[in-house]
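Visitor: With the input below, show me the fold.
(one chain, ligands or ions: 2)
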Amino acid sequence: MEEKITLKKLAKDPGCLTEYDPNAMEYQDALKWIKQFIEPVNQTITIPIRDSLGKILSEDIYSPIDVPNYDNSAMDGFVFYQPEENSPTSLDVIGLEFAGKSLNKNILPGQALQIMTGARIPKGGNTVVPIELVTFEDNKISINKTSKVGANIRKIGEDVKKGELILKKGKLIRPSEIGLLSSLGHSKVNVYRQIRVAFFSTGDEVVEVGNILKVGQVYDSNNHTIEAMLKSIGADIINLRIIPDDKKKIKESLLSIADDVDVIITSGGVSVGAADYMKEVLNDIGEVLFWKLSIKPGRPLAYGKINQTHYFGLPGNPVASMVSFYQIVQPQLKVLMGEFNYQPPPLLEVKTSETIFKKPGRMEFQRGVLFQRNNEWLVKPTGHQGSAILSSMSQANCFIVLGIHENSIDCGGIVNVQLMEGFI
Ligand code: AMP
Ligand code: MG
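Guide: Ligands and ions are numbered 1, 2, ... in the order given. Predicted coordinates for the structure are as follows:
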C-alpha cells in the first residue's frame, strides 16, 4: 500500500462542493485501500453442478479423463486409410459406424466405413472424408476432393488431457464451466458459500413503493436497485427496508443484524447534511475506514467495519448509489465471495458522436449509449448526467469512463467505454 493513503487524511472532510477535493481518494487507490480489508469467506459447500451457476470454485479441478476419451469423427462421412502419397480415389464401403454403437470392424487399405459424427475411429482408419465430398453408389465411394492425412478426426485428449489442471480455485462458474465440469464427469463441485448481505435505505422522505406519494417524499428506488444488483451477483440477502433519519434507529438496525451477515449496505445519509448520520453511527459502534472518493457521481461513500462485518454506506442519489455499487462495492463483494482475481469489465476505446462535457478533478462514470452508425461503433452520453437522473441508467448500455484530469472531449474524440451487460 502506498504511504500517501492514510485514514487520518481521509478523516478530514470538507464538503462535496468543489470538483477537486484533496481529501477524496482517487478511484484506483480507493479500490486497493478497501481491498486490503477484504478476505474471501473460507467456508465451502459441495453442490450439484446443476446448482453451481454464478458460484465460485473453492478447489482446483484436475481432469480425471482425456476429453475426448477416444479418437472420433468430426464429420458425417467415410473413414479410411490414407497413405502420405497416392490417395485412393475409389473405396469399398464395408459398413456403417454410428456414435455409441461400434461395429468393431478393422479397415484394410482400399476399404472405408461410413461414419457418423462422434463415432469411434476404427483400427486401420486415419482420415475422414465428409459425405459432401464423395459420390456414394453400390457400396462404393469415389472421392471427389482429397483430404489431408488425419483430416476430420478429433484426437483423444485434444480438448482436455487426463491430469491437466483445468479450472482454478476462485473461478466464477458460468455455463461454459458447467459444461466443462460435466464433460469431465463431475456431478458435484466444491464452491464458496454464498455471502449474506443485509441492506436498508435511510431517509425521512423515503417511502416504500405501493404508497401514495406526498409532496416532499420520494419512492425508495435504491432498495430495489441494491436488491437487484446483489441478486445478480448471487448474494444471499436480508432486506431491512427503510430506516428513518434517526441515529438511535439506525444504530439499532445495524446492531440487530451485524452478527448475522458478512456485509451491511445502506443508502443515504453519508454526506455532510445535517441528517447524514451514517458515519457518526458507524464511528460509535464500529470503525470508519474510508469515506469519500474523487468520482462522479458518488463522491460520498463510507466503508467500515462493525466487528467482523463489512459496512458500505452508499450515497442516497439513485445514480450515485448504483455507480458506487458497480464500481466500488461489487469488486469488493466479488473478492469476499471467493473470486479473488476478479477484474471489472474491460475498457474499450470508442469514438464519441457528441461532445462530452467534463471538468478536471474527478474521475467520471457517465452513462452512455454504444450504437452503430454506418458500420462504425460510436458512443454518446445519455443526456442529463445528474446523479438523481435514474432514467439515464436505464437508457445506458455502457459507462463512459473519463480520467480524473480529463477535460471535455470533442465530438470525434476517443473515450473509454465499459459495457454494462453482455453474455455471462
Ligand atoms: P442523502 O444521501 O441521504 O443526502 O440523499 C441524497 C438524495 O437522494 C436526496 O435527494 C434523497 O431524497 C435521495 N434518496 C435518498 N435515498 C433514496 C432512496 N432510497 N431512493 C431514492 N432516492 C433516495
Ligand atoms: Mg438522506
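Visitor: Ser182 - that's part of a helix, no?
Guide: Yes: counting by DSSP: H, G, I helix; E, B strand; the rest coil, Ser182 is found in a helix.
Visitor: Going forward, count from 26.
Guide: Done: numbering now begins at 26, and the last item shifts to Ser207.
Visitor: Pull the contacting residues for it.
Guide: Ile74 (Cβ atoms under 8 Å, 6 or more residues apart in numbering). (Each C-beta comes from the backbone N, C-alpha and C, glycine too.)
Visitor: That one and ligand 1, how far apart?
Guide: 42 Å (Cβ to the nearest ligand atom, to the nearest Å).
Visitor: Okay, that residue and Pro200: tell me how far apart.
Guide: Using Cβ to Cβ, to the nearest Å, Ser207 is found at 11 Å from Pro200.
Visitor: Could I get the buried residue list for stretch 261-276?
Guide: 262, 265, 267-268, 270, 275-276 (16 or more other Cβ atoms under 10 Å).
Visitor: what separates Ile434 from Val404, distance-wise?
Guide: From Ile434 to Val404 the distance is 10 Å (Cβ to Cβ).
Visitor: Ok, Ile59 next?
Guide: 29 Å.
Visitor: again with Asp54
Guide: 27 Å.
Visitor: cool, and Ile237?
Guide: 40 Å.
Visitor: Same question for Gly204.
Guide: 33 Å.
Visitor: repeat for Glu277
Guide: 46 Å.
Visitor: how about the residues of the protein near ligand 1?
Guide: Contacts of the chain with ligand 1, taken as Cβ under 6 Å from any ligand atom, map to 226, 228, 230-231, 243, 245-248, 292-294, 296, 298, 301, 340-343.
Visitor: low-scoring pLDDT stretches of the chain, where are they?
Guide: By pLDDT under 70, the low-scoring segments of the chain are 26-43.
Visitor: Can you identify the strand in it that spans the most residues?
Guide: Determined from DSSP state E, the single longest strand within the chain is strand 388-398.
Visitor: Past that strand, which element shows up next along the chain?
Guide: Using DSSP states H and E, the helix or strand that follows strand 388-398 in sequence is strand 401-406.
Visitor: Next one: the closest residue to Pro134 other than its chain neighbours from Asn169, what distance?
Guide: In space, and not counting its chain neighbours, Pro134 is closest to Tyr106: 5.4 Å by Cβ to Cβ, 6 or more residues apart in numbering. Using Cβ to Cβ, Tyr106 is found at 18 Å from Asn169.
Visitor: Have a look at those two and say which one is more surrounded.
Guide: Tyr106 (19 against 11; other Cβ atoms under 10 Å).
Visitor: which non-adjacent residue is nearest His211?
Guide: Distances taken as Cβ to Cβ, 6+ apart place Ile74 nearest to His211, at 5.9 Å, with adjacent residues excluded.
Visitor: Kindly report the same for Thr69.
Guide: Ser83 (4.0 Å).
Visitor: Provide a list of residues in contact with the one you found.
Guide: So Ser83 contacts 69, 194, 215-217, 363 (Cβ under 8 Å, 6+ apart).
Visitor: could you pull out the strands for the stretch 276-425 of the chain?
Guide: 288-292, 312-316, 320-321, 327-331, 334-339, 373-377, 388-398, 401-406, 423-427 (DSSP state E, counting those that start in this stretch).
Visitor: Between the ones you listed, which one is closest to Leu190.
Guide: Closest to Leu190 of those is strand 373-377 (Cβ to Cβ; 30.5 Å).
Visitor: and that closest one, what does it pack onto?
Guide: strand 401-406, strand 439-444 (3 or more Cβ pairs under 8 Å, 6 or more residues apart in numbering; DSSP states H and E).
Visitor: Which residue ranges of the stretch 126-275 of the chain form strands?
Guide: Going by DSSP E, counting those that start in this stretch, the stretch 126-275 of the chain shows strands at 136-140, 152-155, 159-162, 165-168, 178-179, 190-192, 213-217, 221-227, 231-232, 243-244, 261-268.
Visitor: The spatially closest residue to Ser292 that is not a sequence neighbour: neighbour count?
Guide: Spatially, and ignoring its direct neighbours in sequence, Ser292 is nearest to Asn247 (3.9 Å; Cβ to Cβ, 6+ apart). Burial of Asn247 is recorded as 30 neighbouring residues (other Cβ under 10 Å).
Visitor: repeat for Tyr367
Guide: Counted with other Cβ under 10 Å, Tyr367 comes out at 18.
Visitor: list the contacts for it?
Guide: Applying Cβ under 8 Å, 6+ apart, the residues contacting Tyr367 are 356, 359-360.
Visitor: Next, the buried residues of stretch 428-444.
Guide: 429, 431, 434, 440-443.
Visitor: I misspoke; the intended subject was stretch 179-188.
Guide: For stretch 179-188, by 16+ other Cβ under 10 Å, it's 179, 181-182, 184-185.
Visitor: From one end of that stretch to the other, what's the distance?
Guide: Stretch 179-188 has its terminal residues 19 Å apart, counting by Cα to Cα, to the nearest Å.
Visitor: for it, the distance to its chain's centre please.
Guide: 29 Å (Cα atoms, centre = their mean, to the nearest Å).
Visitor: Assign Gln53 to helix, strand or coil.
Guide: Gln53 is classified as helix under three-state DSSP.
Visitor: and whichever residue of the stretch 76-225 of the chain sits closest to ligand 2, what does it touch?
Guide: Taking Cβ to the ion, ligand 2 has its nearest neighbour within the stretch 76-225 of the chain at Phe225, 12.3 Å off. Phe225 is in contact with 248, 264-268, 278, 291-292, counting by Cβ under 8 Å, 6+ apart.
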